[in-house]
Every structure is written in C-alpha cells, then in structure tokens.
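Student: Turn this into a model:
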Amino acid sequence: MKVYKPEWQCTFSVNEGMEESASWKQRMAWRFRAFADRLDGGGRTLKIDCNVTPEVSREEVDSCLEKGFAVTQGLLIQLAHQAACEDVMRDAKAELFEEQPQR
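Tutor: Now for the predicted structure:
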C-alpha cells in the first residue's frame with residue numbers, strides 16, 4: 001500500500017523598510033517607495049513577499065491578503081474605540097487616573 005504525504009511550504013514576510021544587506025536595486029526601490037509616500041502624504045508603504053509551494057493563484061493570494069487586512073481594520077477600529085472611551089473617562093473621572101504616590 002502506497003502512503004501519500006502532502007508537502008507544502010509557505011513563506012510570508014512584510015517589510016516596512018530596507019534591510020542593511022539590501023542590494024542597490026532594493027535600495028533604489030525603497031527610495032522610490034519613500035518618494036511615493038511623500039507624494040501621497042500620510043500613506044504607508046509595505047512590501048509583501050509571499051512564496052507558496054505548490055503554487056496558488058494570484059487571485060487566491062490577493063483574496064487572503066484582503067481578508068487579512070479586513071481583520072486588521074477590525075482590530076484597529078477596536079483600538080480606536082477603546083482609546084476614545086478612555087479619553088472620555090479621563091475627562092469625566094480624572095481622579096481615577098491620577099497617580100498615587102508609592103509607599
């Protein structure tokens with residue numbers, strides 16, 4: 001009886017800036033990205049490297065990235081909500097947030 005063993009590999013990395021060991025081509029690409037960020041104003045450029053074996057379609061990778069960013073957006077919304085609630089509480093009940101001297 002033959003035993004089948006599925007094999008796969010996935011590497012995923014997100015970079016927000018160039019590495020010190022970057023080649024001249026990578027350095028140039030990061031300079032272009034930084035220039036584009038300045039032109040756009042307020043944006044944030046990320047470089048995503050994703051290698052999957054066996055190969056999956058570009059559409060499937062894009063769908064996964066889209067879902068991941070949707071989860072990220074939800075988490076950021078929760079953080080913003082928590083920060084807004086804390087701001088209100090700090091204003092309404094400042095005495096709760098005052099530092100007590102340590103004994």
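Student: Residue 50: helix or strand, and which one exactly?
Tutor: Assigned by DSSP states H and E, residue 50 belongs to strand 47-53.
Student: roughly how far out does the next helix or strand after that strand sit from the chain middle?
Tutor: Downstream of strand 47-53, the next assigned helix or strand under DSSP H and E is helix 58-92. Put simply, helix 58-92 sits 11 Å off its chain's centre (C-alpha atoms, centre = their mean, to the nearest Å).
Student: Just list what helix 58-92 packs against, helices and strands only.
Tutor: strand 47-53 (3 or more C-beta pairs under 8 Å, 6 or more residues apart in numbering; DSSP states H and E). No exception for glycine: its C-beta is placed from N, CA and C like everyone else's.
Student: Please point out which parts of the strand holding residue 50 sit buried.
Tutor: Under the neighbour-count criterion of 16 or more other C-beta atoms under 10 Å, strand 47-53 has nothing buried.
Student: ok, and what's touching it?
Tutor: With contact meaning C-beta atoms under 8 Å, 6 or more residues apart in numbering, strand 47-53 is reached by 8-16, 33, 61, 65.
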